Structures are given as C-alpha cells and as structure tokens.
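Peer 1: build me a model:
(2 chains)
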Amino acid sequence: MDFSLSKEHEMARQLFKDFAENEVKPLAQEIDEQHRFPRETVDKMAKYGFLGIPVPKEYGGQGCDILTYAMCVEELSKVCGTTGVIVSAHTSLCVDPIMTFGTEEQKQKYAVPLAKGEKLGAFGLTEPGAGTDAQGQQTKAVLDGDEWILNGSKCFITNGKEADVYVIFAVTGKVEKRGKMMKEISAFIVEKGTPGFTFGTKENKMGICGSSTYELIFTDCRIPKDNLLGKQGKGFNIAMHTLDGGRIGIAAQALGLAAGALETTINHVKERKQFGRAIGAFQNTQFQLADMATKVQAAQYMVYSAAAKKDEYTKNPKVSYSVEAAMAKLYAAEVAMEVTTKAVQLHGGYGYIREYDVERMMRDAKITEIYEGTSEVQRMVISANILK
Amino acid sequence: MKIVVCVKQVPDTKGGVKFNPDGTLDRAAMLAIMNPDDKAGLEAALRLKDQYGAEVTVLTMGLPKAADVLREAIAMGADKGVLVTDRVLGGADTWATSTTIAGALRNLEYDLIITGRQAIDGDTAQVGPQIAEHLGLPVISYAEEISVDEAAKKVTVKRQFDDRYMMVEASMPCLVTALAELNEPRYMTPGGIFDACAAEITTWGRADLKDVEDSNLGLAGSPTKIAKASDKVRKGAGEKVTPDSPEEAVSYIVGKLDEKHAI
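Peer 2: Okay, here's the model as predicted:
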C-alpha cells in the first residue's frame, strides 16, 4: 500500500493551491459578508477546466480521476467553503448522473457544456417534506404526449439560481414493493428558462453564504419526453448513486475546511503572544494542535481512499464505494466541525470576529454534517452495510 | 510558426534561501520553480500559439529534476519539452550555458526563440543575448509586448526602459528576452498536468549538442570564477530616538546626515 501521491497528483495539488490562494482567498470574506455568488471565480474555474475534472476528454472534460477532483474541492475549501461546494454540487450532483445514466444525446447536449464550464449544474431532490426520507416526494411529473409536465417545488438547492442545467426528481406513479404501494420516482434534466420553472425564496444561511441556495418551483413546467434521465422509475437508485459520489465531494470540502482552519491556527499561535510568549509555546495549544492535525490527516486518508475506490468503480462497476464515501463524509464533516471550533477557541476573542477566517470556517463547517445526507444518514448507510 | 522557449528551473526564494557549507546555493534543499521572466516568455509564446497557431517547444538545461519545469510548461499548453542534462555541463557560467543551449538549438527548427530577461538566481541577463550571438540572430531584449507579422516574417517588440520604451522590429528568426511584467502567466489545467506527466521529454546530453567545443562547456569551460559567495550582511537593528519636538527631530537627522558626510 503506497500512501504517496503520484507526480500528476502532486502537480495538480500545487495548481489548486496556487489558484485558491491567488484567485479564491482574496474574495472569501467579501462573498460571505455580501452573500454574493462568486461568478468571476466560476468563470476562471471554467477556463482552467475545474468544472469537468473527472469527465473524459471526449466529453469536454479534463480526463482526470476522482482523487484529482477531490483534491480540487479540498484546496478550494481550505480558503473558501462556498467555492468548494459550487464545484462539488456541479460535478458530483449534476455532471456525474448525466454521464452515468444519460443517453449519448443527453451527454452531448448537457454533459459536454457542463464539463467545459460553459454551463453550471445543480441537483434537486430535497423538498420541504422530503429530505432524508426521499419517499416523501411531492413533486409530480405526468407524461402528456411528447412532454413531461412537472408540478411541485424543491428546496435548499445549491447553485440554485446560478445553474443552467438541473437534475430534478419527481414522482411519476406508484409501484408495489414488498406488498406495499410505494411512490415511483424518476429523474429529469430541466433547463433554466423553461416556462413554468421559477425560483422561490433565497435562503439566508449560517455559512457557505456565497453559495446560491434557492427554492425551485415548477408550475405546469413542460419538458421534452427525452429529458427523462435513466429509466422511468429508477429515480431513487439514480439519487442514491449520485449522493454516494456527492459525499466524496462534501467530504473533501469538510477536509479542506478543517485543514484550512488548522493552517490558519498554526500561523496564529506562532504570532499571538500572551504572558511574554507565543501561545504556541504553551502545552495546551500544542496538544490541541496535535489532536487537530492527527484528525485532519486521518480525514484526508479516508477521503482519498473513498476517491480511489470510486476510481476503481469507474474501471470495474462491480466495486462499491458507498460505505467508504459515507465513512469519509461522516468523519471529515465531524472533524471539520471539531477542528474549526477548536481553531476559533485558539484564536480567542479574535476567532469570534468576522474579520478572522476561522469564524467563517466554523460557520461553513456545520453544513457538511447536514447536506448530502446528515451524519445520521451516513451512520445508517454504514451500519446497514455492517449488519447485512 | 515554430517557437522555442528557453526556461530555467530556479530556487523558490519564498521557501527561504539555503546554503551549502562552502557558501554555494544548496539547490537540493530548496523548492524549485520556473524562473518568473521565463514563465512570462512562455505565456507570450502560448498567446502567439492561441492567436496564430504555433508549435511551442520548451528547452531547459539543468539537473534531471529540471524536467519538472518542462512538464509544467506542457501542462500550461506547450507542445514539447527538451531537457539538456549531462554531468560535464555542470557548473556552467553564462558563457558555457549559452554555448550549450545554442548547441541544442542548432538541432531544432525555430522562427522565434524567447528567453526570460534574467534568472532570479544568477541575475545576469546575459544568457539570452549570448545565445543569439552564438546563433547569429538578431536579439531584442527587455520585451514588454511582442507581436508577430507572420506574412512579413517579422516581430515587433515594445522594449522597456526605466522612463520610456522603444518599438523595435526584427526579421525572423530572432531572439526576444521577456520580462515578468509582459503578462500574467496562465495556470496549468488538470488535464494538461495528466498529459504532461505522460508526455515523453526529449533528453539530450553532451553528445547531442551541435557545433560546440568541449573547452566551452561546463565548469572547465566557464571563464567566470567565483571567488566567494556569501549571504547578505544583515543590517543592525538601527537606532531609535524619541525627540520632544519636530524641530529637535530635524536637527537630530541633519546632524546625523552631516556626520555621515551625506550633506
């Protein structure tokens, strides 16, 4: 087992680090304060191929692996959690299901411009009454001739108003499963600007404030019959598969937040003096940092191993990465929360002030324990696998 | 159009400067980067490639690990990389370096050669013009802007001075030395990195150099002899005074300047 990175991964990390430091970090505080979507950063990331990292070159992507993509989200999130999730939601939740379940026409029409970064993607599963429980879906799709008619709404949608292409889940009927009538869920590709597709409330969030989180509303929204993604009734499987991959992205975001807070704190404790000494000279600080660094390292191994497992799956679809992804997301998210909280504590009063990055990092970290499957859902996924 | 960009791997001063016990740079202990002026030259070449279509070859001389800067250049969009490396070429000063690079360039086709103005480790600004001299090419140094007229086979360069600039034309083939101020170099792309790592780097040794004499190569062929190398002498902490009035401050400063014969 070799824990060292290959030459290309080392170079890619340096690229993402430089880009994050020069292009993303200078905006992090401003977009957080103003709750502003960093469109200029998205345009730059598009130019350099960051929006299609794991997509094959023949589909407009970079032809790299999931590990490279995870490192991108990690490095971006070290300086700005918002920018990390923009890339993660676009790549894992929109491009990935279209590449995995889409027809050749759908890949050409949607995945290619998404991978090139000409368009931005989003994913709509969550509804006011259907978060963790996907069976609570109320949004309906009814086939009418050559068109599906969508009615309903989705909430908390990342890249909400800024995306161009949306993967949307809706109920298309009822099926009997193990003697029970269950909702049949299907997936669809919906384009921004389709009549009947509008935006509702913009969410005012605790963290990742630059991310565009909106309610999507469908009112007799007619989309072509061909925009059904995958087979009718396979929506639940598509959603679960997509979230398995998405968890690697969010785990990488959480890892980045934790690692970024750790780096910031290391610099701080070397400079901040109390009782005539740098606070890093006190054993309490040293032990706190040792624990933080150990957990960040462990989280990194878990995220990279889940990414490597998904890369294996790409070559051999029999390989499952679902548990590794759930473990990585569970652990990295909890580490992000713990490490950013300790980072604030080690910054003392400054850590509670908006001007200091760790304050934002702690607010950004909380969501990683909630979205794309709460920590409790990850525990369900993991335990179900242990006890099966 | 064929463009060759000469680049050098230099120590990254951001990571701190480290010395061997004998006072020479401990290159192995320092992080290495592509020399900033050379990177601007590469970016200029890549922009000419975007605009007119061109084949961009990157050439470097150095230790085997200097291949890293060639891979970086390919990841940014260059087409090919050539590494000139050989023990007998080590310890070269600007004369031996330019002789070596000219020997390598004689094997390549080019319309335009771009080098950086100077490297941040040596700071001589001699190698570019010396290469042109070896190859009998016109040279325009300190380029701030470069444009090409392919039909007329000429380049026009805005050449920087402290307080003015010159517009200089030269017929191709020619050599231009670039300033870091020339542009903002692009980033690599992730896909470019994967391609660059899979790309084959052409590696040449002494035997591949064309029309060069051994007596002009390596340490032995270098007329420059380093008498002594040392770190910068650190300045003292200085003197802090707290005068009671502006008048007293002025009189103190004037007194000091007088004492040092500055006025």
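
Peer 1: okay, the residue nearest the centre of chain A: pLDDT?
Peer 2: Centroid-nearest residue in chain A, with C-alpha atoms, centre = their mean: residue A:88, separated by 3.7 Å. On pLDDT, residue A:88 comes in at 98.

Peer 1: count of residues packed around the residue nearest to it when sequence neighbours are not counted?
Peer 2: Distances taken as C-beta to C-beta, 6 or more residues apart in numbering or on different chains put residue A:249 closest to residue A:88, at 3.3 Å, once the chain neighbours are dropped. Just so you know, the C-beta spots here come from the backbone N, C-alpha and C atoms, and that holds for glycine as well. Close neighbours of residue A:249, defined as other C-beta atoms under 10 Å in any protein chain shown, add up to 31.

Peer 1: how close does residue A:249 sit to chain B?
Peer 2: Plainly put, residue A:249 is 15 Å away from chain B if you go by C-beta to the nearest C-beta, to the nearest Å.

Peer 1: test my guess that that residue contacts residue A:91.
Peer 2: Yes - with contact defined as C-beta atoms under 8 Å, residue A:249 and residue A:91 form a contacting pair (6.6 Å).

Peer 1: what residues does the stretch 51-200 of chain B put near chain A?
Peer 2: Residues of the stretch 51-200 of chain B lying near chain A by C-beta under 8 Å from any C-beta of the partner chain: B:71-72, B:75, B:186-194, B:196-197.

Peer 1: from those residues, which two are the most distant?
Peer 2: B:186 and B:197 (18.3 Å; C-beta to C-beta).

Peer 1: and the one helix or strand residue B:195 maps to, how far from the chain's centre?
Peer 2: Element membership of residue B:195, judged by DSSP states H and E, is helix B:190-198. Its chain's average C-alpha position is 24 Å from that of helix B:190-198, according to C-alpha atoms, centre = their mean, to the nearest Å.

Peer 1: ditto for stretch A:59-72
Peer 2: Distance of stretch A:59-72 from the chain centroid (C-alpha atoms, centre = their mean) equals 14 Å.

Peer 1: can you map out the strands along the stretch 201-350 of chain A?
Peer 2: Here the stretch 201-350 of chain A has its strands, by DSSP state E, counting those that start in this stretch, at A:214-224, A:228-229, A:273-274, A:277-278.

Peer 1: single out the most deeply packed of those strands.
Peer 2: Of all the strands of the stretch 201-350 of chain A, strand A:228-229 carries the top mean neighbour count, a mean of 23, counting by mean count of other C-beta atoms under 10 Å in any protein chain shown.

Peer 1: get me the contact residues on the stretch 1-150 of chain A for chain B.
Peer 2: Listed as neighbours of chain B in the stretch 1-150 of chain A under the rule C-beta under 8 Å from any C-beta: A:6-8, A:11-12, A:15, A:18-19, A:48-50, A:53, A:57, A:61-64, A:68, A:72.

Peer 1: if we go to 7 Å?
Peer 2: For the stretch 1-150 of chain A, the residues in contact with chain B (C-beta under 7 Å from any C-beta of the partner chain) are A:7-8, A:11-12, A:15, A:18-19, A:48-49, A:53, A:57, A:62-64, A:68.

Peer 1: nearest to chain B, of the residues you listed?
Peer 2: Proximity of these to chain B (C-beta to the nearest C-beta) peaks at residue A:62, which lies at 3.4 Å.

Peer 1: contact partners for the closest one?
Peer 2: Each residue near residue A:62 by C-beta atoms under 7 Å, 6 or more residues apart in numbering or on different chains is listed here: A:49, A:52-53, A:55, B:189-191.

Peer 1: any buried residues in stretch A:132-139, and which?
Peer 2: A:134, A:137, A:139 (16 or more other C-beta atoms under 10 Å in any protein chain shown).

Peer 1: how long is it end to end?
Peer 2: End-to-end distance of stretch A:132-139 (C-alpha to C-alpha, to the nearest Å): 16 Å.

Peer 1: give me the contact list for that stretch.
Peer 2: Contacts of stretch A:132-139 (C-beta under 7 Å, 6+ apart): A:125, A:127, A:129-130, A:150-154, A:169-171, A:182-183, A:185, A:218, A:236, A:239, A:374, A:377.

Peer 1: ok, now stretch A:170-189?
Peer 2: Under the contact criterion C-beta under 7 Å, 6+ apart, stretch A:170-189 has outside partners A:97-98, A:106, A:110, A:134-135, A:137, A:139-141, A:148, A:150, A:152, A:165, A:167-169, A:223, A:227-230, A:232-236, A:238.

Peer 1: try it again with 6 Å
Peer 2: For stretch A:170-189, the external contacting residues (C-beta atoms under 6 Å, 6 or more residues apart in numbering or on different chains) are A:110, A:135, A:137, A:139-141, A:150, A:168-169, A:227-230, A:232-233, A:235-236, A:238.

Peer 1: can you flag which of the residues you listed belong to helices?
Peer 2: By the criterion of DSSP state H, membership of those in helices covers A:235-236, A:238.

Peer 1: now do the strands in chain B.
Peer 2: With DSSP state E as the criterion, chain B has strands at B:2-7, B:9-11, B:32-34, B:55-61, B:80-84, B:112-116, B:139-149, B:154-160, B:165-171, B:174-178, B:202-204.

Peer 1: dump those strands to TSV, plus mean pLDDT and mean neighbour count.
Peer 2: Formatted as TSV, those follow (pLDDT from 0 to 100; neighbours: other C-beta atoms under 10 Å in any protein chain shown):
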stretch	mean pLDDT	mean neighbour count
strand B:2-7	98	25
strand B:9-11	91	23
strand B:32-34	92	22
strand B:55-61	98	24
strand B:80-84	98	22
strand B:112-116	96	29
strand B:139-149	94	19
strand B:154-160	94	19
strand B:165-171	95	14
strand B:174-178	96	27
strand B:202-204	98	17
